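Peer 1: Here's a sequence, model it:
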Amino acid sequence: MSPCLMPLGVPCISKLARRSVSTATDRRPAISLIIFLVIGLIAGVLASYLMGRKNDLLTNLLIGVVGAVVGGLLAGLIGLSASGPIGEIILATGGAVLCIWVWQRMR
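Peer 2: Residues are numbered from 1 along each chain as shown. Have a look, this model is predicted:
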């Protein structure tokens with residue numbers, strides 16, 4: 001039997017293939033963080049536009065990220081979930097609008 005064949009003739013994964021698979025899974029948290037930040041930025045820009053505020057890019061990013069967390073927590077409490085990137089943007093935008101509204105009421 002060949003050293004690279006497992007029982008029943010199934011070929012095993014070579015060392016090079018195993019290494020490429022492990023680096024692909026190691027990058028997933030970084031990609032997820034980038035996607036989260038992009039969705040937060042889009043949500044922050046939309047929320048600022050809807051609330052009639054002019055903010056710079058960093059402020060919109062912070063508003064969107066906080067809104068995504070708030071929107072996700074509130075949606076989880078009432079039993080809703082986001083499906084796909086459009087649903088996540090809508091949920092994050094709703095949370096960001098709520099955050100801006102609360103911020104304006106506190107001032």
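Peer 1: Which stretches in this protein count as strands?
Peer 2: Counting by DSSP state E, one finds no strands in the chain.
Peer 1: Which residue lies nearest the spatial centre of it?
Peer 2: Most central in the chain under Cα atoms, centre = their mean is residue 36, positioned 2.8 Å from the mean C-alpha point.
Peer 1: quick one: buried residues of stretch 80-87?
Peer 2: residue 82 (16 or more other Cβ atoms under 10 Å). C-beta: built from backbone N, CA, C; applies to glycine.
Peer 1: next one: stretch 43-59
Peer 2: 43-48, 51, 55.
Peer 1: And those, which is closest to residue 72?
Peer 2: residue 43 (11.1 Å; Cβ to Cβ).
Peer 1: dump the residue contacts of that closest one.
Peer 2: Counting by Cβ atoms under 8 Å, 6 or more residues apart in numbering, residue 43 touches 63-64, 67-68, 89, 92-93, 95-96.
Peer 1: isn't residue 57 right up against residue 41?
Peer 2: Yes: between residue 57 and residue 41 there is a contact under Cβ atoms under 8 Å: 7.4 Å.
Peer 1: What does residue 51 show for phi and psi?
Peer 2: For residue 51, the backbone dihedrals are phi -90, psi 0 (criterion: degrees, to the nearest 10).
Peer 1: Who's the closest spatial neighbour of it, skipping the chain neighbours?
Peer 2: residue 100 (4.7 Å; Cβ to Cβ, 6 or more residues apart in numbering).
Peer 1: For the protein, give me the ranges with low pLDDT.
Peer 2: The chain contains residues with pLDDT under 70 at 1-27.
Peer 1: Apply 90 and report the result again.
Peer 2: 1-33, 53-56, 80-85, 107 (pLDDT under 90).
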